[in-house]
Structures are given as structure tokens and as C-alpha cells.
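Chemist: Sharing a model prediction with you, sequence too.
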Amino acid sequence: MKSVKVAKASKFSLVISEIAPDKSISHRCAMFAMLAEGTSEITNFLRAEDTLNSLKIVEKLGAKVIDDGITIKISSNGIKESDDILDCGNSGTGIRLFCGLLSSADGHFVLTGDEYLRRRPMKRVTLPLRNIGAKLDGRDNGDLAPLSIRGASLKAFHYNSKIASAQVKSAMILAALRADGECSYTEPELSRDHTERMLKGMGADIEVDKLTTTIRPMKKLLSPLKIRVPADPSSAFFFAVAAAITPDSNVILEGVTLNPTRIEAFRALERMGSVISYDITDNKYEPIGNIHVKYAPLKAITVENNISWLIDELPVLSIAFACAEGISFVKNAEELRVKESDRISTVVNNLKTCGIEVEEFADGYSVKGGELQEAAVKSYGDHRIAMSFMIAGLRSSMKVDDVACVNTSFPNFFELLKKITKIDIED
Ligand SMILES: O=C(O)C1=C[C@@H](OP(=O)(O)O)[C@@H](O)[C@H](O)C1
Ligand SMILES: C=C(OP(=O)(O)O)C(=O)O
């Protein structure tokens, strides 16, 4: 799929029940099933490239996976050495969490990924894991994939992380489950907490006290997961912004996880003036429900706190900034530079191409609200950049090149966008 042309939209009113299932939770379902005794049963698993790669890896590691198209059943008899490399594709979550899971497994493993993933930093997990005895290596002294792991015994640890990263935290929690004593992990700001919630739900001995998670090693295998994966708020947010920038529009996004560490972008949109309500309908592992977003004129805001709670949504939030009155700022967001693309420069370059005044800083950018111009922009191979600028097209028409990357997280994005406007896909 080479490019997409998105036509300017007129007002719409939609209820969307088919938002892509949560990517973070789906990865964890596949991996955590390997720690359980018995069969985990997962419905609404995200069938997108990133998470299907994790599922394939789990199979290569010896798990039995039965998929009837609705429920995925995973049973494991311990992690086995694979006779092949383990390809995480585009997924930072995949590769970093597998580092934690495999550090103590019996055998030798090689993790790799696509050209984008092979450029992303891995020292954030390989160094702390090496410090507790893991035998991990890779290019640039363990910073770049392909990574090789020789499973080893791990020492108990107390780790103070300098970055609020759920991927690092989860890798260390997975390692801690098999370390030789009680471990703790402290982060500077709470990052998404699916790992803690899900593993606790499976019976792991994990306690969370503000920014510190204490983990006692597993004495026995955990209980299997029985879970329906909720919709992904990071995917839902594209359609929240669609309604927020299209006069007289509104959207109801159904069955989304309302985990407080995941809905900060909706809170930011509320601060900008959108009318948003939340309605909890379920609560297993975490609160789940519907989010209703109504158009209202937008005003500029500064986003600088709890950045990890909206890090993936910042590209499309920036489209809302471009449609708001005043200058919005993103600060403390240097982590954006090490995602699938350097999202500070890719957002800034594309907004400039659309005639918006922007300024780039080391840790963020500013966006002066104005009129988005019809333009042709690039995805830089990054799914969130591709989808963000397709949403910008609802305001001004837009051609976005290189959009196959959308399949990493949200394969039915195009189908849903078609409910709002006309799109031409060039294969
Ligand atoms: O743990 C996770 O599932 C994720 C954590 C975040 O990355 P960091 O841990 O690098 O902040 C986020 O950007 C990513 O999309 C998913
Ligand atoms: C950063 C992302 O994912 P990952 O780190 O898993 O590649 C994302 O989905 O925006």
C-alpha cells in the first residue's frame, strides 16, 4: 500500500465498536501465558503485525497456540530453545519484554526486528538485565538488535530507573519473577501498569506503592489468563481527534480501557475545550468503558506532565493543536525521538509541509494553531505518523505516502476512516 488520499470531511456522528484491541495488553497476553500452568484464553486479541509477531514467537518458544478465529488458547510447558531467530518486526514492546522473559530461560535466543526496530536503543533493558547476571549482547555493545540472549540465573535487585518506560519496567518485572530474591523497581513517573495488573491477576506476588513495584519470585506457575482484550485508547484517540477537529461532529468509542495511565490524551483534549465523557461498563484487570467526544472550538495547551501517559498519542494530539487557537507546547518528551521514527522531527516536518508554524526543541515542540493546507506528507514508516496525518486530511485533504505501516497496530483504520470521508488508496 503506497499512499492514501484523504478528502476533507463534513460533520459526522458515529458509534465505533471496532477500535483495534489494545496492543500493549495483547503483547502481554501472548507472553504471560508462557508463565502459566494450564491454558490461557484470550478473546479480542489484536490481530495486527506487532502482536501477531509476539504470538508467533511464543509458538517458536514451544507454546501450543490454538486459534479458532475468535478465542486464542495458549498452553505452555516452559520456555523451549527455538531453532530459529525470533523476529519482533516493528515492535519495541515485543523485543524489550522478550529480553526480560528470556533472560532466565534455559537456552540461547536471538531477537531481531525490522530496519526501524534495529535502529532503536536497547541498552535501557540490556544494561540493567546484564547487571543482575543476564547474558545479553548485541551490536554497539548490546544497544542495537539483533540481540542474543543466553539464559542465566538472575540476582535480586533494587533498580531506580531514570526513564518512565513501561517496556523497561515490564522487562525487569519479568526478570524479577525468576530472580533469586525479592526485587524492587522504582520509576520517576508512573508508566502504564498493565504488566503489574495482569501478573497480579494471575497470582504473581507483586505490590505497587506509588512509584515502586516490589516483586517476589514465582514459587509456582501462575494461573492462566481469561481475558477479553479491551479496545486500545491510543488507537481510539485518532477518532477522538477526528471528532474534535470536525465542526458539529461527535463519536462514541466503545469498550476502551479506561486505565488512568492510558487516557491522559483524552484529558488533554478536554483541557483544549472538547466535550468528553467516560462511562465505565466493565472492570476486569482494569476499568473498561465508552468514551464520548463532541466537537467544540479548541484552544492551545501545554503538555509537560505524565508524558508517558500520552506519549503515543502526541502525534495526533498535535493535529488538534494545529486546529486550536493559540500556541501549544509539548515539553519533557525526548522519548518521542526513539520511537518508530523520531516523532519530534517527523511531526514538525509534516506540520510545516501543511503550512503550520512549528518550532522544534530538544525535548518537544510548539505548534501555532492555523489553517491546515492541503499537502502531501510522508509517514517515515511510522504507523502513528501515517494515521495522524490522515486525520489531518479531514480538515484540509491530505496525501500520505507509505501507509502500509498502519498494519502494525490498527489494520481496520482505513475501514473506519471511510465511515467519515472518502479515501483513495493507491496500491
Ligand atoms: O509497554 C508498552 O506496551 C508500551 C510502552 C511505551 O513505550 P516505552 O516503554 O518506551 O515508553 C509505548 O510507547 C509503547 O507503545 C507501548
Ligand atoms: C511506540 C510504539 O510501540 P513500540 O514501542 O512497541 O514499537 C507505538 O505503538 O507508538
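Modeler: Yep, it's here. Ligands and ions are numbered 1, 2, ... in the order given.
Chemist: what does this protein have sitting close to ligand 1?
Modeler: 24, 92, 93, 165, 166, 167, 170, 192, 308, 311, 312, 335 (CB under 6 Å from any ligand atom). The way it works is simple: take the backbone N, C-alpha and C, and place the C-beta from them, glycine included.
Chemist: Please repeat the previous calculation with a cut-off of 8 Å.
Modeler: Applying CB under 8 Å from any ligand atom, we find that the chain lies next to ligand 1 at 23-24, 27-28, 92-93, 96-97, 124, 163-170, 191-192, 194-195, 234, 308, 311-312, 335, 338-339.
Chemist: ok, residue 80 - contacts?
Modeler: 61, 62, 107 (CB atoms under 8 Å, 6 or more residues apart in numbering).
Chemist: Please apply the same query to residue 128.
Modeler: Residue 128 neighbours (CB under 8 Å, 6+ apart): 157, 159, 161, 168, 172.
Chemist: A strand includes it, no?
Modeler: No. Applying DSSP: H, G, I helix; E, B strand; the rest coil, one finds residue 128 to be helix, outside a strand.
Chemist: residue ranges of the helices in the protein, please?
Modeler: 23-32, 49-60, 92-102, 123-131, 139-142, 166-176, 194-201, 233-245, 264-272, 314-322, 343-353, 383-396, 413-418 (DSSP state H).
Chemist: among the contacts of residue 128, who's most crowded?
Modeler: Within these, neighbour counts (other CB atoms under 10 Å) peak at residue 172, which reaches 27 neighbours.
Chemist: Look at that one and report its pLDDT.
Modeler: For residue 172, the pLDDT comes out at 99.
Chemist: From here on, call the first residue 310.
Modeler: In the new count, where the first residue is 310, that last one comes out as residue 481.
Chemist: Spatially nearest residue to it (excluding sequence neighbours)?
Modeler: Nearest non-adjacent residue to residue 481, counting by CB to CB, 6 or more residues apart in numbering: residue 494, 5.0 Å away.
Chemist: partner residues bridging the one you found?
Modeler: Taking DSSP bridges as the rule, residue 494 bridges to residue 468, residue 522.
Chemist: With residue 732 instead?
Modeler: Beta-bridge pairing for residue 732 (DSSP bridges): residue 315.
Chemist: Next, count neighbours for it.
Modeler: 16.
Chemist: all strands for the stretch 560-709 of the chain, in order.
Modeler: Counting by DSSP state E, counting those that start in this stretch, the stretch 560-709 of the chain has strands at residues 584-593, 595-603, 611-612, 636-639, 666-670, 673-677, 684-687, 707-710.
Chemist: Export these as TSV, with columns for mean neighbour count and distance to ligand 2.
Modeler: TSV is the format used below for those (neighbours: other CB atoms under 10 Å; distance: least, CB to the nearest ligand atom, whole Å):
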stretch	mean neighbour count	distance to ligand 2
strand 584-593	13	22
strand 595-603	20	18
strand 611-612	19	16
strand 636-639	21	15
strand 666-670	14	19
strand 673-677	21	16
strand 684-687	20	17
strand 707-710	21	17
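Chemist: Count the neighbours of the residue lying closest to residue 563 once chain neighbours are set aside for me.
Modeler: The shortest distance from residue 563 to any residue other than its chain neighbours is 4.3 Å, reached at residue 326 (CB to CB, 6+ apart). Neighbour count for residue 326, taken as other CB under 10 Å: 10.
Chemist: pretty sure residue 326 is touching residue 548, no?
Modeler: No. Counting by CB atoms under 8 Å, residue 548 is not a contact partner of residue 326; they are 11.7 Å apart.
Chemist: Let me see the confidence value for the residue nearest to residue 563.
Modeler: 98.
Chemist: Look up how far ligand 1 lies from it.
Modeler: Going from residue 326 to ligand 1 by CB to the nearest ligand atom, to the nearest Å gives 23 Å.
Chemist: Tell me the spacing between that residue and ligand 2.
Modeler: Taking CB to the nearest ligand atom, one finds residue 326 at 22 Å from ligand 2.
Chemist: wait, doesn't residue 381 sit right on residue 373?
Modeler: No. With contact defined as CB under 8 Å, residue 381 does not count as touching residue 373 (11.1 Å).
Chemist: residue contacts, residue 451?
Modeler: 431, 432, 435, 436, 439, 445.
Chemist: Tell me how far it lies from ligand 2.
Modeler: 18 Å.
Chemist: swap in residue 723?
Modeler: 18 Å.
Chemist: Count the residues that sit near that residue.
Modeler: Residue 723 has 18 nearby residues by other CB under 10 Å.
Chemist: Angles on the backbone of the nearest residue to residue 345 once chain neighbours are set aside, please.
Modeler: Spatial nearest neighbour of residue 345, chain neighbours left out: residue 533 (4.2 Å); criterion: CB to CB, 6+ apart. Torsion angles at residue 533 (phi, psi; degrees, to the nearest 10) stand at phi -70, psi 160.
Chemist: Next, count neighbours for residue 519.
Modeler: 8.
Chemist: Also residue 731?
Modeler: Counted with other CB under 10 Å, residues neighbouring residue 731 total 12.
Chemist: was I right about it contacting residue 316?
Modeler: Yes. In this structure, residue 731 is within contact of residue 316 by CB under 8 Å, at 4.3 Å.
Chemist: returning to that earlier point: give the contact list for the residue nearest to residue 345.
Modeler: Residue 533 neighbours (CB under 8 Å, 6+ apart): 342, 345, 346, 347, 348, 349, 350, 511.
Chemist: Of those, select the buried ones using a PyMOL command.
Modeler: Burial among the contacts of residue 533 is assessed by 16 or more other CB atoms under 10 Å; the matching PyMOL selection reads:
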select buried, resi 342+345+349+350+511
